[in-house]
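Student: Sequence below, structure please.
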Amino acid sequence: MQHVLLVDDEEAILYVFQKYLERAGFTVSTAATAMEAITVFEAGDIDALVTDQRMPGMQGDALVRRLRAARPSLPAIIVTAYAAECGPQLGDVPVLNKPVPPADLVSAVQRALAMAGA
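Tutor: You can find the predicted model right below:
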């Protein structure tokens, strides 16, 4: 099973997105902060990242850059209500607007993994 790291500072969002992805057959680890996500990433085999953009401490686009410094091919998706805050420097990272339908989230993860050859 492919392992997705899901990061959002809203517990309800983490819960709902985790259920969407698990029902689609993914193993899911969650983190409520970017720093927690870095710890989870360093401890295990993560195949893809799904992160919120606006979080305390570190924004989602900065988290993507940080994790890709360690693994440049990491598939990543940003899910946010603030899409305009996501910089163009992450042009290969899809940005989904909240609220996102379950099928759209699952499809985006599947596409990102397929494009990365994972």
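Student: Pull the contacting residues for residue 98.
Tutor: Listed by Cβ atoms under 8 Å, 6 or more residues apart in numbering, the contact partners of residue 98 are 13, 79-81. Heads up, the C-betas are built off the backbone N, CA and C, glycines and all.
Student: pLDDT score for it?
Tutor: We note a pLDDT of 89 for residue 98 in this prediction.
Student: Could you measure from it over to residue 36?
Tutor: 20 Å (Cβ to Cβ, to the nearest Å).
Student: Let me see the ranges of the strands in this structure.
Tutor: 3-7, 27-31, 48-51, 76-80, 95-97 (DSSP state E).
Student: Dump those to TSV, plus distance to residue 67.
Tutor: Listed next are those as TSV, based on distance: least, Cβ to Cβ, whole Å:
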stretch	distance to residue 67
strand 3-7	8
strand 27-31	11
strand 48-51	6
strand 76-80	7
strand 95-97	17
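Student: most neighbours per residue, which of those strands?
Tutor: Highest mean neighbour count of the strands of the chain: strand 48-51, a mean of 26 (counted as mean count of other Cβ atoms under 10 Å).
Student: Just the C-alphas of that one, formatted as PDB.
Tutor: The C-alpha trace of strand 48-51 is given here as PDB (Å, rounded to 0.1, in the frame of the first residue of the first chain):
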ATOM      1  CA  ALA A  48       3.200  11.300  -1.100                       C
ATOM      2  CA  LEU A  49       2.400  14.500   0.800                       C
ATOM      3  CA  VAL A  50      -1.000  16.200   1.100                       C
ATOM      4  CA  THR A  51      -0.800  19.500   3.000                       C
END
